[in-house]
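Visitor: please find the sequence and the predicted model below.
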Amino acid sequence: MKKLLLVIISLHLAFASLAKEGMWIPLLLEKYNIEEMQEMGFKLTAEDIYSINQASMKDAVMIFNGGCTAELISDQGLIITNHHCGYSAIQSHSTVENDYLTDGFWAMSKEEELANPNMSVTFLKYMEDVTDSVLKGVEETMAMKEREEIIAGNIKKINDQATKDTHYTATVKPFFHGNQYFLFVNEVFKDIRLVGAPPSAIGKFGGDTDNWMWPRHTGDFSVFRIYADENNEPTEFSAGNKPYKPAKHFPVSLKGIEEGDFTMVFGYPGSTYQYVPSFHLEMLTEKVYPGLIDIRTHKLNIMDKYMEQDRGVRIKYAAKNAGVSNSWKRWRGEIRGLDILDAQQKKKDYQADFQEWVAEDADREARYGNLLDEYEELYATLGDVRLGRDMLLEVIFRNGIEVTNVASMFRPLINIYEKEEEPKAEEIKKIKVNIKKDLANFFKDYHQPIDKEITADILSLYKENVNDEYLPAVYEKIARKYNGDFKAYADRLFKKTMFTDEASALNFLEDFSGRSVKKLKKDPAWELFENFIDVYSDQLYPLYQSFNQKTDSLNQIYMKAQMEFESDKVLYPDANFTLRVGYGKVKGYEPRDAVKYLYQTTIEGIMEKDNPDIYDYRVPERLKELYRTKNYGRYEEKGTVPVCFIATNHTTGGNSGSPVVNAEGHLIGVNFDRAWEGVMSDLMFNPEQCRNISLDIRYALFIIDKFAGAGYLLDEMTIIE
Ligand code: ARG
Ligand code: GLU
């Protein structure tokens, strides 16, 4: 009885805190969540969210372009996602003369929409628990390798079966670190056109200054349209395609929100690490993140310096800069958040309890008794490998030394000449056409002085941070020939290489023949790239892979053990870029002593931030005019226009662009960020501090209608007033 009472009280407390940690599986809502969701205010059923028998919300939610989420908002294939998710598409259509990033873009009819050759969206048709079929033939005592082979074979069979005679694609993904498997059968559309985007001064208002922060005033949305063939099925781009007619789209609510309202986020969270041991937190916060933060700080400082000086450079490096800055800032927040939570200690306490529980039972002791010791031993060396690998990737990829990327474009040519004495002219031609395209793409957004400065800086940082055994051969040369002077080395490199301007790279490409191989191999940019790649492929990659295998295997066992240890709780699986449901409430929070954040921002705050001297805070004249004249139309509330709001939904990267719906399932917002004090939620969730940030859908409609004059788009939406 006492126990029951305790359960009731703790359930009560859980509801009262209004925060619901977890990213839940749509197929299992009926079993685990719907009751609680309804208790929190949700008025619909689990079938309304995910069903294979009727049109449901899942038919209106999609993976957008491989890393974000988007949702349908009309019966004519119109979709909304974040501005930062459409960013590279918007940028790809932008030039100094036609600068859609700066000025925004709005198609005033379907004919004016812009095609995006490499873009796709992916809808989930259905999912299925296939654990038994995946693990068929697997024994607990098997070696990791054998286990993996059997699983891979089973998965292939399941996929083949699922897609037979359909145009669907299928993937099987592990959940709970390989203790459960689900099959996802998907439909991928490829003709996706840009319909509209606000200027960056709205869509990226606050820029990287405000990124990951509340209070926020970013109009982070862009609008696209899906096109299909005459049977309403996916097809490649063709001018004659028809707007896609979906089974379901989200009605858009103008009714607004109040603190305490139920909210649900439905999208594709990428990855979380809720069940890792304390050693993992220690590795990240004390070793890996500090190194990565350091190298990115240097990259950003250099980019910023040149971007300040020149508008052309600003456009070229806008997306690169945002990409580098985003994780850089989040890592800092994570370190802080975990520190304040005393997360390592919490994990250690948990591990002590766990160990005690294990010791209570001989069978457990046999299965789990050494687990934490094995982890500890593994992490003692994993940290250096992980840091080395991540830093190396920072140097030659991820907007590190860009000129090495140009050199590496020639890799396919070298490969073919090294394989065959007389390769077919046909094939050579094909490769050359591709490289030519890549070169054009690359040089469109390249500024050599930035690259040169970054090169000198990050070569030196790599050396400072990473174990000597992972130093590529070029360091020996820099020491010998340049007296260890990285700047002198970079000067020489950029003077000598053929790859810093498009003309000389093109020249080399046009005349490429068997004899060019030698010349290429002597190019210093190629040499640099190859030197790093050698260390990567001979040392860091295999090492990292073998560590990964070991951690994967321990993770699988530890997860299983934790599920037994906490068998009275329903655990949610770590995010793995599959469709998930998060639910919570609209709610402010207290970030610091004596400071209280409200749940909503308004256009007043945009005007407060307005500062023509600061790039991130320049408010467009047209928006100021709408503000002065209070020309708010039906988007007005209490004399102003709402812009963003926060809620307690558990989200992560990949959830960008996710629909945020109210108790009726109507769209009230578009998720785009998390608040600074809570970004450690990928590793540990704190209900007091973790908030997802959403764009209020009314602000998006206000911008489309009043600011851009594209109100015709609202005619195809289902608007709930
Ligand atoms: N922080 C958000 C997310 O993780 C927004 C990113 C947009 N990029 C930026 N650098 N502002 O994706
Ligand atoms: N901006 C993130 C994204 O691109 C969402 C923010 C988060 O990490 O929660 O998915």
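Guide: Arrived safely. Small disclaimer: the values here were computed from a predicted structure and weren't measured. Ligands and ions are numbered 1, 2, ... in the order given.

Visitor: quick check: residues of the protein near ligand 2?
Guide: Counting by C-beta under 6 Å from any ligand atom, the chain comes close to ligand 2 at 68, 651-656, 672-674. Every residue, glycine included, has its C-beta placed from N, CA and C.

Visitor: may I have the host helix or strand of residue 430 as CSV, with CA atoms only?
Guide: Using DSSP states H and E, residue 430 sits in helix 425-444. The C-alpha trace of helix 425-444 is given here as CSV (Å, rounded to 0.1, in the frame of the first residue of the first chain):
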residue,chain,number,x,y,z
ALA,A,425,38.4,7.9,-73.0
GLU,A,426,34.7,7.6,-72.2
GLU,A,427,35.3,7.1,-68.5
ILE,A,428,37.9,9.7,-68.2
LYS,A,429,35.5,12.2,-69.8
LYS,A,430,32.8,11.3,-67.3
ILE,A,431,35.1,11.8,-64.4
LYS,A,432,36.3,15.1,-65.7
VAL,A,433,32.8,16.4,-66.1
ASN,A,434,32.1,15.6,-62.5
ILE,A,435,35.3,17.2,-61.2
LYS,A,436,34.5,20.3,-63.3
LYS,A,437,31.2,20.6,-61.6
ASP,A,438,32.7,20.1,-58.2
LEU,A,439,35.4,22.8,-58.9
ALA,A,440,32.8,25.3,-60.0
ASN,A,441,30.8,24.6,-56.8
PHE,A,442,33.8,24.9,-54.7
PHE,A,443,35.2,28.1,-56.1
LYS,A,444,31.9,29.8,-56.1
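
Visitor: ok so, going back, now, among the residues of the chain next to ligand 2, which is nearest to residue 177?
Guide: residue 652 (16.8 Å; C-beta to C-beta).

Visitor: quick check: closest non-adjacent residue to that closest one.
Guide: Nearest in space to residue 652, with sequence neighbours left out and distances taken as C-beta to C-beta, 6 or more residues apart in numbering, is residue 269 at 4.5 Å.

Visitor: which strand or helix spans the closest residue to ligand 2 within the chain?
Guide: In the chain, the residue that lies nearest ligand 2 is residue 656 (2.9 Å; C-beta to the nearest ligand atom). For residue 656, there is no helix or strand it lies in under DSSP H and E.

Visitor: could you do residue 201 as well?
Guide: Using DSSP H and E, residue 201 sits in helix 200-203.

Visitor: report all helices and strands that that helix contacts.
Guide: Helix 200-203 is packed against helix 83-92, helix 100-103, with contacts defined by 3 or more C-beta pairs under 8 Å, 6 or more residues apart in numbering; DSSP states H and E.

Visitor: near ligand 1 at all, the very next helix or strand once past that helix?
Guide: Counting by DSSP H and E, the next helix or strand C-terminal to helix 200-203 is helix 207-210. Yes: against ligand 1, helix 207-210 shows contacts by C-beta under 6 Å from any ligand atom at residue 208.

Visitor: correct me, but residue 674 touches residue 213?
Guide: No: using C-beta atoms under 8 Å, residue 674 is not in contact with residue 213, being 9.7 Å away.

Visitor: compare those two (neighbour count), which wins?
Guide: Per other C-beta atoms under 10 Å, whichever of residue 674 and residue 213 has more neighbours is residue 674, with 27 against 19.

Visitor: for the more buried one, what are phi and psi?
Guide: phi -120, psi 160 (degrees, to the nearest 10).

Visitor: how near is it to ligand 1?
Guide: The gap separating residue 674 from ligand 1 is 7 Å, by C-beta to the nearest ligand atom, to the nearest Å.

Visitor: show me what the spatially closest residue to that residue that is not a sequence neighbour bridges to in the sheet.
Guide: Beyond its immediate neighbours in the sequence, the residue positioned closest to residue 674 (C-beta to C-beta, 6+ apart) is residue 692, lying 5.6 Å away. Here residue 692 sits in beta bridges with residue 647, residue 674, going by DSSP bridges.

Visitor: ok, residue 692 - contacts?
Guide: With contacts defined as C-beta atoms under 8 Å, 6 or more residues apart in numbering, residue 692 is in contact with 265, 582, 584, 646-651, 655, 660, 671, 673-675.

Visitor: coming back round to it: neighbours around the residue of the chain closest to ligand 2, how many?
Guide: Residue 656: 26 surrounding residues under other C-beta under 10 Å.

Visitor: quick one, grab the pLDDT at the residue in the stretch 451-600 of the chain positioned nearest to ligand 1.
Guide: Ranked by C-beta to the nearest ligand atom, the top residue of the stretch 451-600 of the chain for proximity to ligand 1 is residue 575, at 13.5 Å. The score at residue 575 is 98. That number is its pLDDT.

Visitor: burial of residue 322, as a residue count?
Guide: Around residue 322 there are 18 other residues, counting by other C-beta under 10 Å.

Visitor: that one reaches residue 209, doesn't it?
Guide: No: counting by C-beta under 8 Å, residue 322 sits too far from residue 209 to count as a contact (11.9 Å).

Visitor: list residues touching both of those two?
Guide: Counting by C-beta under 8 Å, 6+ apart, nothing touches both residue 322 and residue 209.

Visitor: which helix or which strand is home to residue 258?
Guide: Residue 258 is part of no helix or strand when elements are defined by DSSP H and E.

Visitor: so who does it touch?
Guide: residue 586.

Visitor: repeat for residue 565
Guide: Listed by C-beta under 8 Å, 6+ apart, the contact set of residue 565 reads 354, 357.

Visitor: distance check, it against residue 374.
Guide: 17 Å (C-beta to C-beta, to the nearest Å).

Visitor: same thing with residue 160?
Guide: In this view, residue 160 and residue 374 are 37 Å apart by C-beta to C-beta.

Visitor: more neighbours, the two?
Guide: Between residue 160 and residue 374, counted using other C-beta under 10 Å, the more crowded position is residue 374 (16 against 10).

Visitor: ignoring the adjacent residues along the chain, who's closest to that one?
Guide: residue 554 (6.0 Å).

Visitor: number of nearby residues for the one you found?
Guide: Quick note: residue 554 (other C-beta under 10 Å) scores 18 neighbours.

Visitor: assign it to helix, strand or coil.
Guide: Reduced to three states with DSSP: H, G, I helix; E, B strand; the rest coil, the structure at residue 554 is helix.

Visitor: read off the pLDDT value for it.
Guide: At residue 554, the model reports a pLDDT of 96.

Visitor: renumber starting at 35 from here on
Guide: In the new count, where the first residue is 35, that last one comes out as residue 588.

Visitor: list the residues that contact it.
Guide: By C-beta under 8 Å, 6+ apart, residue 588 lies in contact with 405, 408-409, 412.

Visitor: sort out which of those residues are in helices and list them.
Guide: Here DSSP state H is the test, and the contacts of residue 588 give 405, 408-409, 412 as lying in helices.

Visitor: thinking again about what came up before, of the helices and strands packed on helix 234-237, which approaches ligand 1 most closely?
Guide: Of all the helices and strands packed on helix 234-237, it is helix 117-126 that lies closest to ligand 1, at 3.7 Å by C-beta to the nearest ligand atom.

Visitor: quick one: average pLDDT of the helix holding residue 235?
Guide: 97.

Visitor: quick one: residue 267 and residue 201 touch, right?
Guide: Yes: assessed by C-beta under 8 Å, residue 267 is found in contact with residue 201 at 6.3 Å.

Visitor: any weak-confidence spans in this protein?
Guide: Residue ranges of the chain with pLDDT under 70: 35-53.

Visitor: same thing but at 90, please
Guide: For the chain, the stretches with pLDDT under 90 are 35-54, 125-126, 128-132, 174-179, 349, 352-353, 452-457, 548, 647-649.

Visitor: near ligand 1, which residues of it show up?
Guide: For the chain, the contact set with ligand 1 under C-beta under 6 Å from any ligand atom comprises 118, 242, 245-246, 356, 359-360, 687, 690, 707.

Visitor: so where's the longest helix in this protein?
Guide: Across the chain, the longest stretch assigned as helix under DSSP H is helix 345-375.

Visitor: understood, closing this out.
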